[in-house]
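A.B. asks: Can you look at this prediction? I've put the sequence above it.
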Amino acid sequence: MTDFLIPDWPAPVGVRSCVTTRAGGVSIAPFDSFNLGDHVDDDPAAVASNRTALTSQLNVQPTWLRQVHGIDVVAANSTAVMEADASWTATPGVACTIMTADCLPALFCNRSGSQVAAAHAGWRGLAAGVLEAAVGSFSDDPSEILVWLGPAIGPDAFEVGPEVREAFISTHPETAQAFVPSVNAGKFMADIYALARLRLAAHGVTAVYGGGLSTYNDSRFYSYRRSARTGRFASLIWIELA
């Protein structure tokens, strides 16, 4: 897995996770090369080849979702593509899988290592509560949940309008600290990592790791804001087969 990023976090024994990069696939520009998104006008055969390679390298079954910037959480199912923005599983060898290209991928597990989950958090899903919904898929107390935040658009590149800021501070006033005025009048620069940490903390989840890898500034990852016609990388978490 030389082209994959392995999260550095204290996940329990038996819980595995990784993030793919652009390298190692067969897609041609502008999707070069390990594009896993089947909805971005890439050659379907190239996407299928990349997905097959991913499954083979990891020896797990990824569970693909039709992501819609909502808060629905489903039980991971490797035989069907469901419309949702988060999934969970307690079945070894099945990988909760999220595709992104600036939105925030968040990986979850409980301290016992008996369940994992993954969530896709663009600003709409984040404001609506997709991270909290993913936490809610566990029967554990939130204090028993660990979260790793994967590569997402950095605070120096994530310019938003006042309506985005209001969507957060109207329900969580403490999130005002995650916004600073932009050089463009009326706009703000948003820190999606800080927003995620604040929302999780308000929900009782404080064991949060990762953050800081900007998709916009790091050419290893696809970035929609850097190039609207681009691919998608994946963040996966699973329980290892015995």
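C.D. replies: Yep, that arrived. Quantities reported herein were computed from a predicted structural model and do not represent experimental measurements. Numbering: from 1, shown residues only.

A.B. asks: From now on I want contacts and neighbour counts done on CA atoms only, so please keep to that.
C.D. replies: OK.

A.B. asks: Quick check, central residue of the chain?
C.D. replies: residue 105 (1.1 Å; Cα atoms, centre = their mean).

A.B. asks: other SSEs contacting the helix or strand in which that residue is found?
C.D. replies: When elements are assigned from DSSP states H and E, residue 105 belongs to strand 104-110. The helices and strands touching strand 104-110, judged by 3 or more Cα pairs under 8 Å, 6 or more residues apart in numbering; DSSP states H and E, are strand 116-121, helix 130-135, strand 145-149, strand 233-239.

A.B. asks: possible to save these as JSON lines with distance to residue 74, mean pLDDT and mean neighbour count?
C.D. replies: Converted to JSON lines, the helices and strands packed on strand 104-110 look like this (distance: least, Cα to Cα, whole Å; pLDDT from 0 to 100; neighbours: other Cα atoms under 10 Å):
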{"stretch": "strand 116-121", "distance to residue 74": "10", "mean pLDDT": "98", "mean neighbour count": "31"}
{"stretch": "helix 130-135", "distance to residue 74": "9", "mean pLDDT": "98", "mean neighbour count": "24"}
{"stretch": "strand 145-149", "distance to residue 74": "18", "mean pLDDT": "98", "mean neighbour count": "23"}
{"stretch": "strand 233-239", "distance to residue 74": "15", "mean pLDDT": "98", "mean neighbour count": "27"}
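
A.B. asks: Out of the ones you listed, which is closest to residue 95?
C.D. replies: strand 233-239 (4.4 Å; Cα to Cα).

A.B. asks: Run a quick neighbour tally on the closest residue in space to residue 189 that isn't next to it in sequence.
C.D. replies: Nearest non-adjacent residue to residue 189, counting by Cα to Cα, 6 or more residues apart in numbering: residue 159, 4.5 Å away. Counted with other Cα atoms under 10 Å, residues neighbouring residue 159 total 20.

A.B. asks: ok now do residue 159, which residues does it touch?
C.D. replies: Applying Cα atoms under 8 Å, 6 or more residues apart in numbering to residue 159 gives the contacts 182, 187-190.

A.B. asks: ok so, going back, in its sheet, which strands sit next to the strand holding residue 105, and in what direction?
C.D. replies: Paired neighbours of strand 104-110 in the sheet (DSSP bridges): strand 116-121 (antiparallel), strand 145-149 (antiparallel).

A.B. asks: nearest to residue 23, of the ones you listed?
C.D. replies: So among the strands paired with strand 104-110, strand 145-149 is nearest, using Cα to Cα, at 20.9 Å.
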